[in-house]
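1. sequence first, then the predicted structure, then my questions.
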Amino acid sequence: MNTVDDNPGWRHLGRTVSSRAETFWSQRLFPAAAPIVNKTDKRFWLCVLTLVVLSACLFLPNRSFPLLEPDEGRRAEISREMLVNDDWIACTLNQQPYYDKPPLFHWLVALSYCCFGTCEASARLVPALVAILTILTTFVLGRRLIGQRAAFLGALALMLMGGFALTGRLVGLDGTLTLFITAALLIAHEAVQSGQLRWRWWLTAAVLCGLGILTKGPIALVLVLPPVLVHARLSAGTARPRLIHLLAFGATAALVATPWVILALVRDPRILSEFLVEHNLRRFADGIAHEEAFWYYLPVLAVACVPWSPLFPFFLRQIMRMEPVQQARRCRPLGLLLLWSCWCVLFFTLSRGKLPLYILPALPAFALLTGWFLEQILSEARQWTALPPLIVLTVGVGWVAACIWSWRNGLIDVGSCVVVGVIAAAALVLLISLKGRWAMWAGLGLAAVVVLGFNIDTAHRLLPALARHRAPLAATAELRRLARSGKTAVACPAQTWSSITFTCRGDIFDLESGTDAQLLAFLEGHRHALVAISQPAFARLKQQAPQGYNFTVVQTSTFGHVVLAEHDPTYASSPKP
């Protein structure tokens, strides 16, 4: 009996479907060749300078606010322990082995500590510089796909995306992974865009993919290779990587990570199974952590891409238009960007474990697609006069909603909400009233100012306010000074706060299963101690504490209280009856 593999009818059907898909993709959706990019000139360097200055102003100032729990505290503390222990092979958290992620990001943060001291600002310097490099990479390499003007607009769009602007201010792995994924995908496209694969570009992309593996694991290969291979198969005139090319790519990427893997396995053979099985395969298949519904990333993507997400339906309509004039504007590299963005979102949608930052590597692709679409809009300005009001309306609603949420949670005062609402309403009224030849350009300029103001306010005021509200020892500078002095002990019974371990230089009591008796014994050995404790546990502590103890609540937050515990050693240490 014939099988599917040896039946010529099935093979013919497969070739027919593949041929028709290639024809539709290359001749109807994306028929135009990639734009010819001139060598670097004054305009190129002016674009680079503009992007560097604007992104530096957005990401570099005001990095000293408290670490957000749990992720920022965890990443900063792992890097601190790496430096303190002088152990660059094995990651530890609270001096226990940490198998969740590879070490590259923590190496970078530890190097920042070496150069600028161990503090929150040094930890956040790495994601800030990574965000700036991602913006520059999007422009410099993106211009080879969609042209210099569209790539510049795309880099600006990326910088102004709310989700990207926030992640550039947070100590986390996903921004670094996004940099390597972006560079690897854009360089891999250069390798296959002509009829013959270019090894230099191909292996460079593999090295970058290997750095992505060292950052977050084999997910780098999963995100890079499928869109490149599908694009090469569907696009006419591109090189189609064969098995030898794939083996060379995989071997080169693996070679980058192999030295660390060997040293880590020699240190602890469990690391490979723990990392690959528990923290990759089981998170994807079983949803052992952060399990969410399949539609989870639709609202996440809409919020992350603000203010550009309202443009996506219009972009899809533009892609599907089959008039010859519209088809001639759609170059083949747009197909790679579309595959890249959709594959990243689809893959993490299929995963049962989901977090908002997982789809961060898709944002540069969405940004370049947005830049191409904005260029089309600017060439047809009269047809898109409603665009600036739409952008301002979207940003205004999001800005006011963020301020109201912050006010209701006690982060800011109500006056801030009123000021933001007035600014957004005034900008919208002004945009609607603009008339004349330059209305479109003036409207876009005003919309850009509003978007930039939204990002600056969110990243430099609302986010630090949230961090101060949630993190222990963040109520006042004096409280943090006490913890850093090394003379004041810190206790956080029944919970672990990595930001406390990162901040405190004295003795720490942080047993997750610690008993009340153990906590009292710890306090008895320290005349002054800061205690981060839940309200019920605080009530028990006051009842059981011996005479001579004085408890002063110095901070109240979502987790409970931070209490300054002081006692007079002349009193008897026996507990209350």
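-> Received, thanks. Everything numeric in this text was worked out from a predicted model, so none of it was measured.

2. what's the nearest residue to residue 502 if we skip its chain neighbours?
-> Leaving aside its sequence neighbours, residue 502 sits nearest to residue 77 (CB to CB, 6 or more residues apart in numbering; 4.5 Å). (C-beta placed from N, C-alpha, C; glycine too.)

3. quick one: residues in contact with the helix or strand the one you found falls within.
-> Assigned by DSSP states H and E, residue 77 falls within helix 71-85. Helix 71-85 is contacted by residues 67, 88, 91-95, 98, 103, 105-107, 109-110, 113-114, 118, 120, 123, 170-173, 467, 471, 497-502 when judged by CB atoms under 8 Å, 6 or more residues apart in numbering.

4. out of those residues, which end up buried?
-> Listed as buried from the contacts of helix 71-85 are 67, 91, 93, 98, 103, 105-107, 109-110, 113, 118, 120, 123, 170-173, 467, 471, 497-502; burial here means 16 or more other CB atoms under 10 Å.

5. quick one: which of those sit in strands?
-> Using DSSP state E, the members of the buried ones among the contacts of helix 71-85 that fall in strands are residue 93.

6. from the buried ones among the contacts of helix 71-85, which land in helices?
-> Per DSSP state H, helices hold the following members of the buried ones among the contacts of helix 71-85: 105-107, 109-110, 113, 120, 123, 467, 498-502.

7. which one of the residues you listed sits closest to residue 235?
-> Residue 235 lies nearest to residue 105 out of those, by CB to CB, at 33.9 Å.

8. contacting residues around the closest one?
-> 75, 126, 173, 176, 215.

9. 10 Å - rerun?
-> Going by CB atoms under 10 Å, 6 or more residues apart in numbering, residue 105 touches 75, 78-79, 91, 126-127, 130, 171-177, 214-216.

10. apart from its neighbours in sequence, what residue is nearest residue 190?
-> Nearest one to residue 190, counting by CB to CB, 6+ apart, is residue 201 at 4.5 Å.

11. what about stretch 264-276, start to end distance?
-> Its first and final residues considered, stretch 264-276 spans 14 Å by CA to CA, to the nearest Å.

12. for it, what is the average pLDDT?
-> Confidence over stretch 264-276 (mean pLDDT, whole number) is 79.

13. tell me which helix or strand residue 562 sits in.
-> Short version, using DSSP H and E: residue 562 is in strand 560-567.

14. please identify the pairing partners of that strand and their relative orientation?
-> In the sheet containing strand 560-567, its partner strands are strand 528-533 (antiparallel), strand 549-557 (antiparallel), by DSSP bridges.

15. which one of the ones in helices among the buried ones among the contacts of helix 71-85 is nearest to residue 539?
-> Nearest member of these to residue 539, counting by CB to CB, is residue 500, at 21.5 Å.

16. now residue 128: which helix or strand?
-> Counting by DSSP H and E, residue 128 is found in helix 120-146.

17. then residue 176?
-> Assigned by DSSP H and E, residue 176 falls within helix 174-192.

18. ok and that helix relative to helix 71-85, angle-wise?
-> Taking axes from the mean of the first three to the mean of the last three CA atoms, to 10 degrees, one finds helix 174-192 and helix 71-85 inclined to each other by 90 degrees.

19. beyond helix 174-192, next helix or strand please.
-> Counting by DSSP H and E, what follows helix 174-192 is helix 199-216.

20. I'd like the next helix or strand past that next one.
-> Criterion used, DSSP H and E; the element after helix 199-216 is helix 219-234.

21. quick one: distance of the very next helix or strand once past that following helix to the chain centre.
-> Sequence-wise, the next helix or strand downstream of helix 219-234 (DSSP H and E) is helix 243-267. Taking CA atoms, centre = their mean, to the nearest Å, the mean C-alpha location of helix 243-267 is offset from the chain mean by 25 Å.

22. mind listing what's buried in the following helix or strand past helix 243-267?
-> Later in the chain than helix 243-267, the nearest helix or strand by DSSP H and E is helix 270-273. Using 16+ other CB under 10 Å as the burial criterion, the residues of helix 270-273 that qualify are residue 271.

23. and helix 270-273, what does it pack against?
-> helix 243-267 (3 or more CB pairs under 10 Å, 6 or more residues apart in numbering; DSSP states H and E).

24. and the pLDDT at the residue nearest to residue 502?
-> 88.

25. ok, the nearest residue to residue 179 once chain neighbours are set aside - contacts?
-> In space, and not counting its chain neighbours, residue 179 is closest to residue 134: 4.6 Å by CB to CB, 6+ apart. For residue 134, the contact set (CB under 10 Å, 6+ apart) comprises 55, 155, 158-159, 164, 167-168, 175-176, 178-183, 360-361, 363-364, 367.

26. need the distance between the two termini of stretch 341-361.
-> From the first residue to the last, stretch 341-361 extends over 8 Å; the measure is CA to CA.

27. how far does that stretch sit from the chain's center?
-> For stretch 341-361 - counting by CA atoms, centre = their mean - the centre lies 12 Å from the chain centre.

28. quick one: mean pLDDT over stretch 162-173.
-> For stretch 162-173, the mean pLDDT works out to 91.

29. kindly report the same for stretch 415-423.
-> The model assigns stretch 415-423 a mean pLDDT of 86.

30. perfect, that will be all.
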